[in-house]
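Peer 1: sequence and predicted model, in that order:
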Amino acid sequence: MSTLIDRRKVVDWLGIAPFMIFAVMFLILPTLYLVTGAFFTPDGQFTFKNVADLAHPSILSAYWISIKVSVASSIGGAVIGFFLAWAITLGGLPSWIRSGLLTFSGVASNFAGVPLAFAFIATLGRTGLVTVLLRDIFGFNLYSTGFNLLSFFGLTITYMFFQIPLMVLILTPALDGMKKEWREASEILGASNWQYWRMVALPILWPSVMGTTLLLFANAFGAIATAYALTGASLNIVPILLYAQIRGDVLHNPNLGYALALGMIVITGASNVLYIWLRSRAERWQK
Amino acid sequence: MSFLTLSNIQKSFGPVQVVKDFNMTIDKGEFVSFLGPSGCGKTTILRMIAGFEAPSGGSITIGGKSQTNLKPNQRNIGMVFQAYALFPNMNVADNVAFGLKVAGKPAAEIEARVKEMLGLIKLDHLAERYPYQMSGGQQQRVALARALAPKPQVLLLDEPLSALDAKIRVSLREEIRMIQQQLGITTVFVTHDQEEALSISDRIVVMNAGRADQIGTPFEIYNKPATRFVASFVGTLNLIEAKVVDTAANRISIGDQGITLREPLGAVKAGDTVSLALRPEAGSIAEGAKGDTALTGTVIASNFLGSVIRTRMKVGDAVISFDMFNGPGLVPPAVGETVTLRFTASDLLIIRE
Amino acid sequence: MSFLTLSNIQKSFGPVQVVKDFNMTIDKGEFVSFLGPSGCGKTTILRMIAGFEAPSGGSITIGGKSQTNLKPNQRNIGMVFQAYALFPNMNVADNVAFGLKVAGKPAAEIEARVKEMLGLIKLDHLAERYPYQMSGGQQQRVALARALAPKPQVLLLDEPLSALDAKIRVSLREEIRMIQQQLGITTVFVTHDQEEALSISDRIVVMNAGRADQIGTPFEIYNKPATRFVASFVGTLNLIEAKVVDTAANRISIGDQGITLREPLGAVKAGDTVSLALRPEAGSIAEGAKGDTALTGTVIASNFLGSVIRTRMKVGDAVISFDMFNGPGLVPPAVGETVTLRFTASDLLIIRE
Amino acid sequence: EPSAELIAAAKGEGKLTTIALPHSWCGYGDVITGFKAKYPEIQINELNPDAGSGDEIEAIKANKGNTGDQAPDVIDVGLSFGPSAKTEGLIQPYKVSTWDSIPDSAKDAEGYWYGDYYGVLSFLVNKDLVKESPKDWADLQKADYANAVALAGDPRSANQAVQGVFAAGLATNGGDVSKAGEAGLKFFKELNDKGNFVPVVGKAAPFAQGSTPIIVAWDYNALSWGESLNGNPPFEVVVPASGVVAGVYVQAISAFAPHPNAAKLWMEYLYSDEGQLLWLKGYCHPIRFNDLAKAGKIPQELLDKLPPAAAYEKALFPTLEEQSANKAVISGQWDSVVGANVQ
Amino acid sequence: MKTNRLLAWIALAIGVIYFVVPLLGTFEFSLRMRRGEYSFDAYQSVFSDMQFRETFGYSMMMALLTIIFGMLLIVPTAYWVRLRLPQIRPVIEFITLLPLVIPAIVIVFGYLRLYNSSSWLPLTNSTSGTNALLMLSYVTLALPYMYRAVDTAMRAIDVATLTEAAESLGAKWPTIMFRCIFPNVMSGVLSGAFITFAIVMGEFTMAALLNRPAFGPYLQLVGANKAYEPSALAIIAFAITWISMGLLQLVSRFSKTAPRKA
Ligand SMILES: Nc1ncnc2c1ncn2[C@@H]1O[C@H](COP(=O)(O)OP(=O)(O)OP(=O)(O)O)[C@@H](O)[C@H]1O
Ligand SMILES: Nc1ncnc2c1ncn2[C@@H]1O[C@H](COP(=O)(O)OP(=O)(O)OP(=O)(O)O)[C@@H](O)[C@H]1O
Ligand SMILES: NCCCCNCCCN
Ligand SMILES: [Mg+2]
Ligand SMILES: [Mg+2]
């Protein structure tokens, strides 16, 4: 009998073998192959220097800015994306808007890099469409308010262009799962709309919202092309440093680059662990 | 004293009118059931009382106060849904406390009331459980407690038992009735299970296609159905086609057996066909059974239903079912056997339309 | 001739043994119901027959062939699930055709068989519908047709009706029974609704905590319950505590009223307490009711259940319910009235344990 | 002229893989077309035209042992990458037949790498937005040029940008090469504090769009971008009056080149008169410029399109040591000194 | 309810402004190629470029292959994890997050080391091998989105019971997978496909370093050297991708695979 159970266990694991083989071959091994470079000098000596170098103030500050931009854009994206997802699921809008926005989100969630940066420069840059229109028509000088597209804030709202759609895409199914009866039950018990959202809807959606926000965080944390194209010479964030070390024609210390990559993986891993822990708390009420 | 009044209520969804000129008054503390087939408008009326739908016409008052401009959360009504609709993120105690918290009641009062409610539904020991950890019947009891906790003026129940299985349904409906009587709360109960409606209601509204076909006590509904629809919807009914033999003498025949009816036949003539209704429990084939009328036929099936054995016999072209109580000594009639069913002529109702 | 045999079946999940040494043989064409409270192991046995779970011990044979090493898709067993489990992406015809297509049957044969099956469940006109476009009852009929289409050796039904409401449940169970008899297919039906089990089974297995308490015809189960559990689970039962007055004379007393039992009292002595069971339908308070025994008590409640009126009366400390058929002329006893219930002494069963 | 054996061997290989050669850079488009026309049997496989020097080196490293289409045969990298690649054993020696006419200061004695072309840093000016073009580095600090000045890359990773900072430093500290790095950073810090510096990477699109009205770039890039706009907007390329810094790129053959003979033939073509003049057509000064000029092989119309020759006479060619010292300062301290206003 | 709808319209309006204005800015600029007037010159220039059509076509092909292969890998995996290995889910979720943070260049350099022409699996030796490697790299990049989309869709159906129903009718696992599971998670497959499609159309690093003629590198090249065409290209790419998704959705609606109510 025990062989029977064992056989079933083996079969269970065999079922995810294709995925695991794929992940090992095309994700994990290639990464390890290089990222272990974090522990070597260019001529192949084992060292902790690269990892120790991460403690350099400019690198620490790069991590810190990266984390801040990622947190800001993931939370901003999550909040606005949430409202949009709400609008197309529970807001009583015509159904063509829903499918239109969903496919649009598919495209926009990957509209990044040079074209995106350029789009924002062409819109909100010093000579951008909106900036110029505001100035010429309303006599309003956007930049005299302290606004600057090439800044932390600018980068955050630019990132949100792909963060929001990602949120919409992933959260829509969760909102679809909200039962009408929950709202009615809370209404008939005297709850206001706000009480319903605070006490019922948000707690129920919380695990999905958190999970998606984590995804957005990682998404922003690893995004390089947009940041580079937007604030090329000015922004000190990890992916740019990393690329400068691996690809630049000046700095060029790939091993330090791999240490930077390792740091990013560790941070993502940590945020994932945090998420799993938070979720297990938030999901006490689930099977 | 009329407490909940529905006057000339209409409701249309687009071009379709699903509730048609509905009138009813319900007394304080009364337990009224809405009984009717699927789609007849029961839920719609309930939802209008709750305020989830606005009537297309007519008015609803509770305790003399028009509800027209009140939102659901201003009506102080309790509601229990078919699919429980417990908040999955809250445990039992929090679910029950919800309406009180929302009303800003002090913590001590909430705690006491929740305790009282859990006692009422006998689930004190499960206060910490989450909905997914409970059976359907337990969940439905919690839903009831949740609806009752804020002391609503009216309790609405929309097929609260239909997702449960038979055994639990019976015990829970008795519990609901008991609690309702204990609290004296005016209750509207929607169901399409006739036994359920009959067993717990003060009055029943039998609905048919957006209208009330009959409003009355269970006894009236069951024994004096106002329409053919009510007669056939409530209870199991034999519908028998009979031939008029003699209008003056109230004589008809079923197969070749003549019967004298109590009810006057009315405007028909000899040779016409009339529809008669007979409930399966109205007659008996026991020796010495009382009854001024008899029909003899051949048994074609005999079905054991537990406490009751239902036998079908053929009389001419008509098939007539009759029930007898089961007992250890009882031998159900065998298929092919000839039996004589005795009943009172007044049990035979003439169905007109 | 035994067709499906379960020998010494055991099943444990981790440390918990949920099926304990279960033995049963089922004949070809027989309709057997498994009846029992939630969690007693009914589904588990069914799933072992289907091959979804491997028994921890014992063997299952069908038509003499051991099923131990066969996967579910090799057993040729039809199954109907509580939640229908129709394939949402296929229309009715495709759902029914699924098992035949999978078996590689020629298109013409599939078409013919699907047509036949849809005729059987009377849904020919809905062949093009998708599951979400149909009511629960219709979906369940399609699930039945789908399970029957490949002509399985055995049909398994796991509470196929419990998600449906009362009215549909009754009509569908009759349909299932009819189809089963028409096709002569060996069927195992799981339910925890006793009326359901009683009304359609050739034999019933009453399960209790992983064991079969009794296996027998509905009549046997209902009228000769082997254990106290079976007695109380099947039907509504009055359990009455009585005091032994005279062992030799088989005399006991309920309240202050003496009764002579038919069944020998056995190893008890005067002054002991014994439990007696009496079904509500066994007695009558009608004048001239037959019966060698009588109990007189005070009515405390009278409940209208449609065809039946259930009255509760108090005899000493015991509360005894009894049913009478409803009829237009019938006036149910009023609360407080004193009535005498007559029944046959052999209806009083002694419950030992 | 390449030997017949080399040509035969190269044709035998049938393919050449290049990397980081944008067609608008230095006339590479024409160079590639010319090579193809001359040796139609050899297919040219162009890898990532937009790559930087670091990418080129990494591509060699990553493709050790790979003879697939991903492995570059030849590279064209910033001066400092020549010696370092040699040390790491990533390139192999080859001396073209015109070897002797390449100035000694611009080649590795053993033939591992050799300078190919140079340009000087210049200002590309959008005439729609900037009426008065800056004439020298110091002018860039004027209030007129608020939000106007951009580099053509990130000084932490792009040679072109590093040299821009270096040149600015050189101009403002009176020509002290050894301190030019610090001076350059100071210059840009000031520029940034005044709000004249635009931290967008300058190139054709932002130039046309208007967000980078003045770009500090190699003259050949400035000219090529400007030309490509067809007068929309009109542009001017200004070589500053002081701090004229020349940048030399070097050619080399990968040590792991899958097609070594085709690579050698490619070098022969690049260093032939024909190849050199094609670079010049792309506004670059080929390394044999003086040699060709002396021999009177340069058509006048090519010279006319370049900034006046006088501008180049003052050009400073920093040595390798000077370059790497300043580079370390500029790249290393850019973040902390100029820092950007990103918080 | 009415205030709800109003709020929804407001949210939508804000979203639309936020999303449309930058695209408008890009569009407006793309029209400015001719001095002093708006024209479609930049578009003409893009469309007349052979390379545009070639690279766009190539990337479309790759996108479709990626979607097909990716779904064949992910749907069964998500299914299996739900059915048999729910405890492994956090691990899978973490793995599928990795591609977001591991820089593409790190991954692709790894590929060049592991699967070069002299390795045990010389994928880069041939064009088809390299194409396959590129496609697999796209699957890797799409993993985070595909997995989540499919897993969410699977939550909505009772995977276990459907499987048992199919098994009891004699179905073997390919039938279960392709006739009973796939069609019912089509909504998830589709939304995963949308994102994948967009990823592949824009991806630069993998294609550039594996040296395949994809649209991403072309976009980058044009962006680096031209002024007006990049904007025109961005608009064109955005529009074509969006239209393709719309078509994909229409096709799937009319094919009878997913007749679920909205
Ligand atoms: N929001 C709506 N829009 C359009 N038609 C509706 C709406 N709600 C209900 N209906 C229709 O109104 C009619 C009455 O519906 P209602 O839900 O009141 O029936 P019911 O008696 O509760 O039936 P059931 O027993 O099936 O619950 C049905 O035909 C239904 O389809
Ligand atoms: N996979 C499993 N792992 C652990 N325990 C299980 C599993 N499946 C069933 N059980 C346990 O086995 C016992 C019998 O379950 P089973 O489903 O057979 O009951 P049942 O008689 O069908 O009940 P119900 O009427 O509620 O369907 C229950 O206590 C149940 O919790
Ligand atoms: N091969 C010429 C040197 C390479 C520099 N390429 C510049 C591209 C800018 N990103
Ligand atoms: Mg309803
Ligand atoms: Mg079960």
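Peer 2: Yes, it's here. Ligands and ions are numbered 1, 2, ... in the order given.

Peer 1: can you tell me how far the residue in the stretch 101-250 of chain A that ligand 1 sits nearest to is from chain B?
Peer 2: Taking C-beta to the nearest ligand atom, ligand 1 has its nearest neighbour within the stretch 101-250 of chain A at residue A:180, 10.7 Å off. No exception for glycine: its C-beta is placed from N, CA and C like everyone else's. Distance of residue A:180 to chain B, given as C-beta to the nearest C-beta, to the nearest Å: 9 Å.

Peer 1: give me the neighbour count for that residue.
Peer 2: For residue A:180, the neighbour count with other C-beta atoms under 10 Å in any protein chain shown is 11.

Peer 1: and it, what does it touch?
Peer 2: Neighbouring residues of residue A:180 by C-beta atoms under 8 Å, 6 or more residues apart in numbering or on different chains: there are none.

Peer 1: again, 10 Å this time
Peer 2: A:90, B:52, B:81, B:85 (C-beta atoms under 10 Å, 6 or more residues apart in numbering or on different chains).

Peer 1: could these go into JSON lines alongside distance to ligand 1, secondary structure and neighbour count?
Peer 2: Listed next are the contacts of residue A:180 as JSON lines, based on distance: C-beta to the nearest ligand atom, whole Å; DSSP: H, G, I helix; E, B strand; the rest coil; neighbours: other C-beta atoms under 10 Å in any protein chain shown:
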{"residue": "A:90", "distance to ligand 1": "15", "secondary structure": "coil", "neighbour count": "16"}
{"residue": "B:52", "distance to ligand 1": "10", "secondary structure": "coil", "neighbour count": "19"}
{"residue": "B:81", "distance to ligand 1": "11", "secondary structure": "strand", "neighbour count": "23"}
{"residue": "B:85", "distance to ligand 1": "15", "secondary structure": "coil", "neighbour count": "23"}
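
Peer 1: quick one: is the longest strand anywhere in chain D near chain E?
Peer 2: Using DSSP state E, we find that the single longest strand of chain D is strand D:113-126. No. Strand D:113-126 is not in contact with chain E by C-beta under 10 Å from any C-beta of the partner chain; minimum separation 11.0 Å.

Peer 1: so what pLDDT did residue B:15 get?
Peer 2: Looking at residue B:15, its pLDDT is 88.

Peer 1: backbone dihedrals for it, both of them.
Peer 2: phi -80, psi -10 (degrees, to the nearest 10).

Peer 1: that one and ligand 3: what is the separation?
Peer 2: Between residue B:15 and ligand 3 the computed distance is 66 Å (C-beta to the nearest ligand atom, to the nearest Å).

Peer 1: for residue B:69, same thing?
Peer 2: Residue B:69 is 68 Å from ligand 3, by C-beta to the nearest ligand atom.

Peer 1: which helix or which strand is home to that residue?
Peer 2: Residue B:69 belongs to no helix or strand when assigned by DSSP states H and E.

Peer 1: just residue D:154 next, same as before
Peer 2: Using DSSP H and E, residue D:154 falls outside every helix and strand.

Peer 1: tally of neighbours for residue E:148?
Peer 2: 26.

Peer 1: again, but for residue D:308
Peer 2: Using other C-beta under 10 Å, residue D:308 is surrounded by 10 other residues.

Peer 1: could you do residue B:39 as well?
Peer 2: 12.

Peer 1: same check on residue B:305?
Peer 2: Neighbours of residue B:305 using other C-beta under 10 Å come to 16.

Peer 1: now the closest residue to it other than its chain neighbours: how far from residue D:293?
Peer 2: Leaving aside its sequence neighbours, residue B:305 sits nearest to residue C:199 (C-beta to C-beta, 6 or more residues apart in numbering or on different chains; 5.1 Å). In this view, residue C:199 and residue D:293 are 112 Å apart by C-beta to C-beta, to the nearest Å.

Peer 1: of these two, who's got more company?
Peer 2: residue C:199 (20 against 12).

Peer 1: which one of the contacts of residue A:180 is nearest to chain E?
Peer 2: residue A:90 (7.4 Å; C-beta to the nearest C-beta).

Peer 1: now the residue nearest to the closest one when sequence neighbours are not counted, what's its secondary structure?
Peer 2: In this structure, residue A:90 finds its nearest non-sequential neighbour in residue A:175, 6.2 Å apart by C-beta to C-beta, 6+ apart. What DSSP: H, G, I helix; E, B strand; the rest coil gives for residue A:175 is helix.

Peer 1: counting contacts, what elements does whichever strand or helix holds residue A:116 pack onto?
Peer 2: Using DSSP H and E, residue A:116 sits within helix A:113-124. Contact analysis of helix A:113-124 by 3 or more C-beta pairs under 10 Å, 6 or more residues apart in numbering or on different chains; DSSP states H and E lists helix A:129-138, helix A:152-176, helix A:225-231, helix D:204-209, helix E:2-30, helix E:186-202, helix E:215-225, helix E:229-254 as its packing neighbours.

Peer 1: just want the angle from it to helix E:215-225.
Peer 2: Helix A:113-124 and helix E:215-225 are oriented at 50 degrees to each other (axes from the mean of the first three to the mean of the last three C-alpha atoms, to 10 degrees).

Peer 1: look up phi and psi at the residue of the stretch 101-250 of chain A closest to ligand 1.
Peer 2: The phi/psi pair for residue A:180 (degrees, to the nearest 10) is phi -60, psi -30.

Peer 1: on the three-state scheme, the residue nearest to residue B:305 is what?
Peer 2: helix.

Peer 1: for the chain, what's the longest helix?
Peer 2: No chain specified, so I'll use chain A. Taking DSSP state H as the assignment, the helix of chain A that covers the most residues is helix A:57-89.

Peer 1: try chain E instead
Peer 2: Max-length helix for chain E by DSSP H is helix E:50-83.

Peer 1: so how far is that helix off the chain centroid?
Peer 2: Centroid displacement of helix E:50-83 relative to its chain, using C-alpha atoms, centre = their mean, to the nearest Å, is 7 Å.

Peer 1: again, but for stretch E:140-150
Peer 2: 9 Å.

Peer 1: is chain C within reach of it?
Peer 2: No. Stretch E:140-150 does not reach chain C (C-beta under 10 Å from any C-beta); its nearest approach is 15.4 Å.

Peer 1: that stretch near chain D at all?
Peer 2: No. On the criterion C-beta under 10 Å from any C-beta, stretch E:140-150 is out of touch with chain D, staying 17.3 Å away.

Peer 1: what comes up buried for the helix or strand hosting residue B:173?
Peer 2: Take DSSP H and E as the rule and residue B:173 turns out to sit in helix B:166-183. By neighbour count on 16 or more other C-beta atoms under 10 Å in any protein chain shown, the buried set for helix B:166-183 is B:166-170, B:172-173, B:175-177, B:179-180.

Peer 1: ok, residue B:40 - contacts?
Peer 2: Contacts of residue B:40 (C-beta under 10 Å, 6+ apart): B:18-19, B:34, B:192, B:206-213, B:233.

Peer 1: excluding chain neighbours, what is closest to it?
Peer 2: In space, and not counting its chain neighbours, residue B:40 is closest to residue B:207: 4.5 Å by C-beta to C-beta, 6+ apart.

Peer 1: likewise for residue D:63?
Peer 2: residue D:71 (3.6 Å).

Peer 1: and that neighbour, helix, strand or coil?
Peer 2: Per three-state DSSP, residue D:71 ends up coil.

Peer 1: if anything else comes up later, I'll come back, but that's it for now.
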